[in-house]
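Q: Sharing a model that was predicted from the sequence below.
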Protein chains: 2
Amino acid sequence: MVDHGPLVWFWRIMSADLDTVFAALADPTRRAILAMLLEDDMAVTDVAEPFEMSLAAISKHLGILTRAGLIAQEKRGRVKWCKLEPDAMRAASVWMQGFGQFEPVNLDAFERFLARELESGAEG
Amino acid sequence: MVDHGPLVWFWRIMSADLDTVFAALADPTRRAILAMLLEDDMAVTDVAEPFEMSLAAISKHLGILTRAGLIAQEKRGRVKWCKLEPDAMRAASVWMQGFGQFEPVNLDAFERFLARELESGAEG
DNA sequence: GGCATATTCAACCGGATGGTTGACCATGGC
DNA sequence: GCCATGGTCAACCATCCGGTTGAATATGCC
């Protein structure tokens, strides 16, 4: 959606607070929320629905994700919409790939392997 | 270095505890330690040397990194050596790349850009 | 055996985290 | 205007986290 030039990229990566990003990712509820938002943007109430905890708790989680830059929230009417904001995760990913000297994962190959594996598992 | 078959891979990724991996990565001291170990394997005392905190604190950090699977420790004589263990980070990275549908970073291009950028910056 | 080195353990402390509840705004529909 | 809906705020609680210190446990060297 946004058309980041590489300089903007560089700045974002350098200024990104990896502490808060990784801390945000360290909670299973928050990772689940991110996964849900991967499907589609959602209102806060809808995000909270599948979880067995109070709306206030989810609201806090969303605040943490927002402060980490992992999502963005936008109020339209009385509904607050949450959507993924990929830059922060990308910054963390870039940091991680600094460790990629260990023959980095070939994701394409891995996915192909998984597909084959699951397919044959379903048949067998 | 290790010759993981893809099934081993799959198992490791599925059973990896992302909570502990991301939590371990959320601390700047621990990320610095990982970066140091990227250079070379190190003894606990040497890992602790550049930090302004007690050896016991570093020992705890190393324990956390070990429990997260990010490093391995091996005692040889009275010295305990620490070395990177790339699988855990790779598991986290794979999880992250699930969000890669947002035009994933072209790392090669990014690095080339950075190199060019820094070079011209040094000259100008 | 005895001492120095390498590392961990245990107890403690202050501050952050993840959850709760109940009160509090803001907005839309009637 | 009034009520239901959507969401946050504030106070509180238990637990975890990152650090400290001092004692304890290897191991190597003489």
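A: Ah, there it is.

Q: Give me the nearest residue to A:K75, chain neighbours excluded.
A: Nearest non-adjacent residue to A:K75, counting by CB to CB, 6 or more residues apart in numbering or on different chains: A:W81, 7.6 Å away. Heads up, the C-betas are built off the backbone N, CA and C, glycines and all.

Q: Report the secondary structure state of that neighbour.
A: Here A:W81 is strand, with the state taken from DSSP: H, G, I helix; E, B strand; the rest coil.

Q: any idea how far A:K60 is from it?
A: 18 Å (CB to CB, to the nearest Å).

Q: more crowded one of those two?
A: A:W81 (16 against 12; other CB atoms under 10 Å in any protein chain shown).

Q: Could you double-check that that one sits in contact with A:D41?
A: Yes: contact status for A:W81 versus A:D41: in contact at 5.3 Å, counting by CB atoms under 8 Å.

Q: What segments of chain A are helices?
A: Applying DSSP state H to chain A gives helices spanning A:6-15, A:18-25, A:28-39, A:44-48, A:55-67, A:86-97, A:107-123.

Q: The fourth one close to DNA strand C?
A: No: with CB under 7 Å from any atom of the strand as the criterion, DNA strand C is not reached by helix A:44-48; the gap is at least 9.6 Å.

Q: in chain A, what residue is nearest DNA strand C?
A: Residue of chain A nearest DNA strand C, by CB to the nearest atom of the strand: A:G77 (2.7 Å).

Q: interface residues of chain A facing DNA strand C?
A: Residues of chain A that fall close to DNA strand C, judged by CB under 7 Å from any atom of the strand: A:23, A:26-27, A:29, A:52-54, A:56-57, A:60-61, A:64, A:75, A:77-78.

Q: Any of those residues buried? List them.
A: The neighbour count (16 or more other CB atoms under 10 Å in any protein chain shown) marks A:23, A:26-27, A:61, A:64 as buried among those.

Q: In TSV: those residues, plus pLDDT.
A: As requested, these are exported to TSV (pLDDT from 0 to 100):
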residue	pLDDT
A:A23	96
A:A26	95
A:D27	95
A:H61	98
A:I64	98
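
Q: filter the residues you listed down to the ones close to DNA strand D.
A: Filtering these for neighbours of DNA strand D using CB under 7 Å from any atom of the strand leaves an empty set.

Q: and which of those is nearest to A:L37?
A: Nearest to A:L37 among those is A:H61, at 11.8 Å by CB to CB.

Q: quick one: contacts for that closest one?
A: By CB atoms under 8 Å, 6 or more residues apart in numbering or on different chains, the contact set of A:H61 is A:27, A:29-30, A:33.

Q: Which members of the residues you listed additionally contact chain B?
A: Filtering the contacts of A:H61 for proximity to chain B by CB under 8 Å from any CB of the partner chain leaves A:D27.

Q: quick one: which of the contacts of A:H61 is nearest DNA strand D?
A: A:D27 (10.8 Å).

Q: Report the contact partners of the nearest residue to A:E85 once chain neighbours are set aside.
A: Nearest residue to A:E85, sequence neighbours excluded (CB to CB, 6+ apart): A:A72, at 4.6 Å. By CB under 8 Å, 6+ apart, the contact list for A:A72 reads A:66, A:82-83, A:85.

Q: how about 10 Å then?
A: Counting by CB atoms under 10 Å, 6 or more residues apart in numbering or on different chains, A:A72 makes contact with A:41, A:65-66, A:81-85.

Q: cool, A:P28 as well?
A: A:P28 sits next to B:17-19, B:22 when contact means CB under 10 Å, 6+ apart.
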